[in-house]
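Participant: next comes the sequence, and after it the predicted model I'd like to discuss.
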Amino acid sequence: MKLLPPAPLGQTPVRAMTIAGTDSGGGAGVAADLRTMALAGVHGCVAVTAVTVQNTLGVSGVHTIPPETVAGQIRTVVTDIGIGAAKTGMLATGAIIDAIVDVAAEVGIGRDRPIPLVVDPVCASMHGHQLLATEAMDSLRERLIPIATVVTPNLDEVALITGITVVDQDSQRAAAIELHSMGAQWALVKGGHLRSSPFSPDLLYDGETFLELDHERIDTPHDHGAGDTLASAMCCALAHGLSVPDALRFAKDWVTESIRWSYPLGAGHGPVNPLWRVSEPLPD
Ligand SMILES: Nc1ncnc2c1ncn2[C@@H]1O[C@H](COP(=O)(O)OP(=O)(O)O)[C@@H](O)[C@H]1O
Ligand SMILES: Cc1ncc(COP(=O)(O)OP(=O)(O)O)c(N)n1
């Protein structure tokens, strides 16, 4: 696959920011985002929204960060370090979403602003633990999605946000049209949960053109953090100045390889693995 150009040693690399929750098991959230950013050659900055008590079997606790502290992390990084793009993951509450939307307007993050924004609308963990409060859905729909450069829901999130159940290409297109009409510049409806398909088809739409990437489906239970990895890889590519379709092409190759080389961990679902970038190939 084609990689992003690395900064020469000693020079400041491209910067990006993840606005997300922590996963103590290291498989998803901030840990997954920073792993992909580092291995893609991008300096990752962090605004933590929530601390989760989480392992490979699920989430057993959540501690949210005060909204003004979330906004403060974003403001202090953008005004000093500067970032080329940002992504959101687990946001936990409506008050945190509102604080992010407000500070994004202040510092120039979002569609039609200098710093593109990838919104991964994380609503629940793969085990079904709620990661976004029900009361936050209005803020997500009415405030955050309208400032997204690209919004990247999985099919469960599509159903929660739009009410559309995606079962095939027609309903995937209908969902993308609906998400775009909510104000996102681009809508990406991920097909990882379309388990009947031999492919894992992701559909991107900007109000005019559909781009479908249907890479092979890899048969593994170890896919924890796939959505975070795709969104943070897109964020890295946007920070490098790539267009949204090219950022998706890069990110889709990146996540496919990361799923191919995922590994078992604990007693549950292991993480996807961008360490393929720096690992020895298997002996023949
Ligand atoms: N088994 C798989 N094989 C190949 N790609 C997959 C597989 N599962 C998910 N993907 C891809 O990983 C990314 C995240 O997908 P998805 O599972 O839909 O989201 P989430 O992790 O947010 O639930 C998408 O690009 C999707 O197509
Ligand atoms: C802290 C935290 N953030 C996000 C998630 C969900 O991650 P995602 O990449 O959507 O993957 P799965 O939950 O499907 O593995 C999380 N669990 N924790």
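Facilitator: Structure received. Ligands and ions are numbered 1, 2, ... in the order given.

Participant: all helices of the stretch 151-284 of the chain, in order?
Facilitator: For the stretch 151-284 of the chain, applying DSSP state H, counting those that start in this stretch gives helices covering 155-162, 169-181, 226-239, 244-260.

Participant: wait, what's in contact with the residue nearest to residue 67 when sequence neighbours are not counted?
Facilitator: Excluding its sequence neighbours, the residue lying closest to residue 67 (C-beta to C-beta, 6 or more residues apart in numbering) is residue 99, at 3.6 Å. The way it works is simple: take the backbone N, C-alpha and C, and place the C-beta from them, glycine included. When contacts are counted by C-beta atoms under 8 Å, 6 or more residues apart in numbering, residue 99 is found next to 67, 68, 70, 71.

Participant: which of those are buried, as a ChimeraX select command?
Facilitator: Applying 16 or more other C-beta atoms under 10 Å to the contacts of residue 99, the buried members can be selected in ChimeraX as follows:
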select :67,70,71
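
Participant: distance of the residue nearest to residue 42 when sequence neighbours are not counted from residue 144?
Facilitator: On the basis of C-beta to C-beta, 6+ apart, the spatially nearest residue to residue 42 that is not a chain neighbour turns out to be residue 236, at 4.4 Å. Distance from residue 236 to residue 144, counting by C-beta to C-beta, to the nearest Å: 21 Å.

Participant: where's residue 83, which helix or strand?
Facilitator: Following DSSP states H and E, there is no helix or strand that holds residue 83.

Participant: the protein: strands as residue ranges?
Facilitator: If DSSP state E is used as the criterion, the strands of the chain fall at 15-23, 43-55, 58-64, 85-88, 117-119, 150-151, 186-189, 199-205, 210-216.

Participant: which among these is found nearest to ligand 2?
Facilitator: Each of the strands of the chain was scored for nearness to ligand 2 using C-beta to the nearest ligand atom, and the closest is strand 15-23 (3.4 Å).

Participant: can that closest one be said to contact ligand 1?
Facilitator: No. With C-beta under 6 Å from any ligand atom as the threshold, strand 15-23 lies outside contact range of ligand 1, at a closest distance of 12.4 Å.

Participant: so what secondary structure elements neighbour that strand?
Facilitator: Strand 15-23 sits against helix 29-39, strand 43-55, helix 67-78, strand 85-88, helix 226-239, with contacts defined as 3 or more C-beta pairs under 8 Å, 6 or more residues apart in numbering; DSSP states H and E.

Participant: can you tell me if that strand touches ligand 2.
Facilitator: Yes. Using C-beta under 6 Å from any ligand atom, strand 15-23 reaches ligand 2 at 20, 21, 22, 23.
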